[in-house]
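1. Structural data only, the sequence is not supplied:
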Ligand code: NDP
């Protein structure tokens, strides 16, 4: 039925390639392209071994729009599935417009020189995609992604009005390293060292980083200290969930992780501005990324589970109601299935399902869309089938 071009061959790209290959009736032809083609070839060999399918590979610098356009024209995909880094979002969207294909990503754009992620840059493409009759689906990972779909499902099926949303993200896994990040270290560290922020009664409230905590009881994991962070799905959900009074985002971190982070910040190795080293400009966080374990390499031997969900409070039939909609995912099971850890898996599966929603026409409409602006039902059905079953706990 369709032809997909995946860009990015990290932990998430590995999962997306395997999961697309598992659904040949939708993804008839698959090409995996990235900056380092040897990583694409390694993934293609694993896909062949696990599914028997052959996928094509290619080298591309996705920051270079003409290079991307040439690749798209050669591959002729129905969709470009971007799982490179957030810096590549805008050049890949430009290339999709020029070559006339749909677009999907899992993380919103951020400029290299400022640790600030916002949808404004990508929402500005709305008219260009609409006028070209093309579709761009933003944030089709787990959070953002599945968490947005959980909110849309709650709005459609479970509540008359939603008042409070808390998104809670716990990784209770153990990868055996003293310090490592579960997705791209540069993007991850930029995200969590920002000021915390949440939305209440129409206003954004800013707090010092990691200054608010909550001991939340996560299904299949237990009580874990969670820290309030700003996360990108809050920006679109405040616009799309009617009657909302407050939305917050929480993530768990262990003491060991926080101590390493504090030391790295104190010595300046998380800085994103270039420093002069013997006449060579060096960006400390880029150097740090080189030194830390590659997130994809954590998968072997990773134990434990992720437990991520959306706690929603509101009103149904005139009565107060509170539910937790969640998924738990086991690192070792993910490794067995696709050779990846659960953080990559929980991002890559929804990226594949989002692509399926566009390529089968269920969610395809001209313009630029966030996940919750689509019918959640077919997406929720596919989560159960493709490895991320969800549950609802009435509280
Ligand atoms: P990795 O760092 O493991 O992989 C990124 C890949 O992109 C690498 O293969 C890298 O190539 C490639 N790449 C980087 N720059 C370019 C470029 N200019 N042209 C072509 N390819 C490029 O990251 P992850 O796989 O962990 O994460 C991928 C994306 O998923 C990120 O945007 C991340 O923010 C997002 N994410 C979203 C989540 C969600 O729930 N929504 C959760 C986790 C991640 P090279 O190997 O040469 O460096």
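-> Received it, and whenever you're ready, just let me know what you need. This one's a predicted model, so the numbers in the text were calculated from it and none came from an experiment. Numbering: from 1, shown residues only.
2. Which parts of the stretch 251-395 of the chain are strands?
-> Using DSSP state E, counting those that start in this stretch, the strands of the stretch 251-395 of the chain run over 275-277, 280-282, 305-316, 319-330, 367-370, 391-394.
3. Between those, which one is closest to the ligand.
-> Nearest to the ligand, of all the strands of the stretch 251-395 of the chain, is strand 305-316, at 8.7 Å by Cβ to the nearest ligand atom. The C-beta positions use only the backbone N, C-alpha and C, and glycine is treated the same way.
4. What are the boundaries of the helices in the chain?
-> Per DSSP state H, the chain carries helices over the ranges 11-21, 37-51, 65-75, 89-99, 120-123, 126-132, 146-153, 185-192, 233-240, 255-267, 284-291, 331-338, 342-359, 376-385.
5. now the ones you listed as a markdown table including distance to residue 276, mean pLDDT and mean neighbour count?
-> Below are the helices of the chain laid out as a markdown table (distance: least, Cβ to Cβ, whole Å; pLDDT from 0 to 100; neighbours: other Cβ atoms under 10 Å):
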| stretch | distance to residue 276 | mean pLDDT | mean neighbour count |
| --- | --- | --- | --- |
| helix 11-21 | 33 | 97 | 28 |
| helix 37-51 | 31 | 98 | 17 |
| helix 65-75 | 31 | 98 | 18 |
| helix 89-99 | 28 | 98 | 22 |
| helix 120-123 | 30 | 97 | 16 |
| helix 126-132 | 40 | 98 | 15 |
| helix 146-153 | 42 | 98 | 28 |
| helix 185-192 | 20 | 85 | 20 |
| helix 233-240 | 36 | 97 | 20 |
| helix 255-267 | 17 | 92 | 13 |
| helix 284-291 | 12 | 94 | 15 |
| helix 331-338 | 41 | 97 | 19 |
| helix 342-359 | 35 | 98 | 28 |
| helix 376-385 | 49 | 98 | 16 |
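6. Using JSON lines, lay out the ones you listed together with distance to the ligand.
-> Compiled in JSON lines, these are given as follows (distance: least, Cβ to the nearest ligand atom, whole Å):
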{"stretch": "helix 11-21", "distance to the ligand": "3"}
{"stretch": "helix 37-51", "distance to the ligand": "5"}
{"stretch": "helix 65-75", "distance to the ligand": "8"}
{"stretch": "helix 89-99", "distance to the ligand": "8"}
{"stretch": "helix 120-123", "distance to the ligand": "13"}
{"stretch": "helix 126-132", "distance to the ligand": "20"}
{"stretch": "helix 146-153", "distance to the ligand": "8"}
{"stretch": "helix 185-192", "distance to the ligand": "5"}
{"stretch": "helix 233-240", "distance to the ligand": "8"}
{"stretch": "helix 255-267", "distance to the ligand": "16"}
{"stretch": "helix 284-291", "distance to the ligand": "8"}
{"stretch": "helix 331-338", "distance to the ligand": "13"}
{"stretch": "helix 342-359", "distance to the ligand": "4"}
{"stretch": "helix 376-385", "distance to the ligand": "13"}
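7. Quick check: which of the ones you listed is nearest to residue 392?
-> For residue 392, the closest of those is helix 146-153, at 9.1 Å, according to Cβ to Cβ.
8. Endpoint to endpoint, stretch 211-224 covers what distance?
-> Its start and end residues considered, stretch 211-224 measures 16 Å (Cα to Cα, to the nearest Å).
9. mind checking how far the residue in the stretch 51-200 of the chain that the ligand sits nearest to is from residue 246?
-> Residue nearest to the ligand within the stretch 51-200 of the chain (Cβ to the nearest ligand atom): residue 141, separated by 2.3 Å. Here residue 141 is placed at a distance of 23 Å from residue 246 (Cβ to Cβ, to the nearest Å).
10. re the thing from before, now do the contacts for the nearest residue to the residue of the stretch 51-200 of the chain closest to the ligand once chain neighbours are set aside.
-> Among residues not flanking residue 141 along the chain, residue 106 sits closest, at 3.5 Å (Cβ to Cβ, 6 or more residues apart in numbering). Residues near residue 106 by Cβ atoms under 8 Å, 6 or more residues apart in numbering: 12, 82-83, 139-141, 144-145, 347, 350-351.
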